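Asker: Provided below for reference: sequence and predicted model.
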Amino acid sequence: MQSAEMTLRGRTIVGGVASGKALVTTEAISFLGGVDPSTGRIVERGHELYGKSVKDSILVFPSGKGSTVGSYVIYALRKHRTAPAGMINEETETIIATGCVLAEIPLVDRLSGDLFELAATGDHITLDADRGAVILRKTCKC
């Protein structure tokens, strides 16, 4: 097994450094009603991540959707110790930014490359939001 590493640059929304397995979706996430803060599981029926836990992951998703109360759900995830270690968006909107500020979760967006084309769930990501850097480590069976 070989691994490939690449670094993408992005805009820092919330600083910090986090590392973990990528949890990737091309679908927007509604934290209010879509994520159970006590378990960290995606509970929105029909969502491609339904049943998966965001806990300790680097959550990669295009944007948030839904109520502004979603910000407090992100904060509740942190309080229950079920939060993602970091988040990466295509374009961050206020709900996600506010939630990550409250919960102190590193967050970047507007990456220099298409992470949805490059990363897959299970890849390893180091998110250095202090520098606006996303380091993706892919393992290939070459």
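Answerer: Sure thing, it's come through.

Asker: from here on, just use CA atoms for contacts and neighbour counts.
Answerer: Will do.

Asker: count of residues packed around the nearest residue to residue 105 once chain neighbours are set aside?
Answerer: Excluding the flanking residues, the one nearest residue 105 by C-alpha to C-alpha, 6 or more residues apart in numbering is residue 86, at 5.4 Å. Using other C-alpha atoms under 10 Å, residue 86 has 31 other residues around it.

Asker: give the contact list for residue 39.
Answerer: 53, 80, 82 (C-alpha atoms under 8 Å, 6 or more residues apart in numbering).

Asker: please pick the buried ones from those residues.
Answerer: By neighbour count, with 16 or more other C-alpha atoms under 10 Å, the contacts of residue 39 hold 53, 82 as buried.

Asker: which residue is the nearest non-sequential neighbour of residue 38?
Answerer: Residue 38 sits nearest to residue 80 (C-alpha to C-alpha, 6+ apart), 5.8 Å away.

Asker: need the contact list for that neighbour.
Answerer: Residue 80 neighbours (C-alpha under 8 Å, 6+ apart): 37, 38, 39.

Asker: same question for residue 90.
Answerer: Contacts for residue 90 (C-alpha under 8 Å, 6+ apart) come out as 61, 62, 63, 109, 110, 111.

Asker: just flag the most distant two among those.
Answerer: 63 and 111 (13.2 Å; C-alpha to C-alpha).

Asker: okay, and the beta partners of the residue most central in space within the chain?
Answerer: Nearest to the geometric centre of the chain sits residue 59, at 2.1 Å (C-alpha atoms, centre = their mean). Taking DSSP bridges, one obtains residue 23, residue 87 as the residues bridged to residue 59.

Asker: same question, residue 127
Answerer: Applying DSSP bridges to residue 127 gives these bridge partners: residue 18, residue 134.

Asker: ok so, going back, would you agree the residue nearest to the centre of the chain is in contact with residue 100?
Answerer: No - look at residue 59 against residue 100 with C-alpha atoms under 8 Å: they stay out of range, at 11.9 Å.

Asker: so what's residue 66 scoring on pLDDT?
Answerer: With respect to pLDDT, residue 66 scores 89.

Asker: good, we can wrap up now.
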